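Engineer: A predicted structure for the sequence below; I have some questions about it.
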Amino acid sequence: MRATLNIALMFLIISPVMGFVWDEDSKAPGGTVVGKLKSKMDTPDGKNTNIEVKAPGEEKARKYFVNYDPKLQKPLPKVLHAVRSASVGDTVELEWVKTGHGPAITNFTVTANPAPKQ
């Protein structure tokens, strides 16, 4: 019994150092993507916008939507405005989180497009 307790205490002490996460909500799966905006379309109800971004090395574009703010009961306003003001063909950088409805954008910026070759 004592050995089991010692092992459990050791695990509790070492786990933060090893990077184990106890609370799944503390860091939702997601990431950052930089790529070309391939398409942009408002949802049928007009409250959100879906986009497709093709990152370098990817075979096809991936779909994203603006994350929902439960306090406001609508998509994140600043992110939605940034997504809607971007143009197809722009190079964009976005941060996303995994949701039950697919990847949702939490931060969105249009990066400077390189000058066209002459």
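Structural biologist: Everything's here; your move. Just so we're clear, the structure is a prediction, and the values are computed from it rather than from any experiment.

Engineer: Give me the secondary structure label for the most centrally placed residue in the chain.
Structural biologist: The residue lying closest to the centre of the chain (C-alpha atoms, centre = their mean) is Trp96, at 0.2 Å. With DSSP: H, G, I helix; E, B strand; the rest coil as the basis, Trp96 sits in strand.

Engineer: wait, isn't it in contact with Val83?
Structural biologist: No - with contacts counted by C-beta atoms under 8 Å, Trp96 stays clear of Val83, the gap being 11.8 Å. C-betas here are computed from N, CA, C, even on glycine.

Engineer: list the residues that contact both of those two?
Structural biologist: Common contacts of Trp96 and Val83 (C-beta atoms under 8 Å, 6 or more residues apart in numbering): Ile105.

Engineer: Now Ala112: closest residue in space that isn't a chain neighbour?
Structural biologist: Once flanking residues are discounted, Ala112 sits nearest to Thr91: 7.6 Å by C-beta to C-beta, 6 or more residues apart in numbering.
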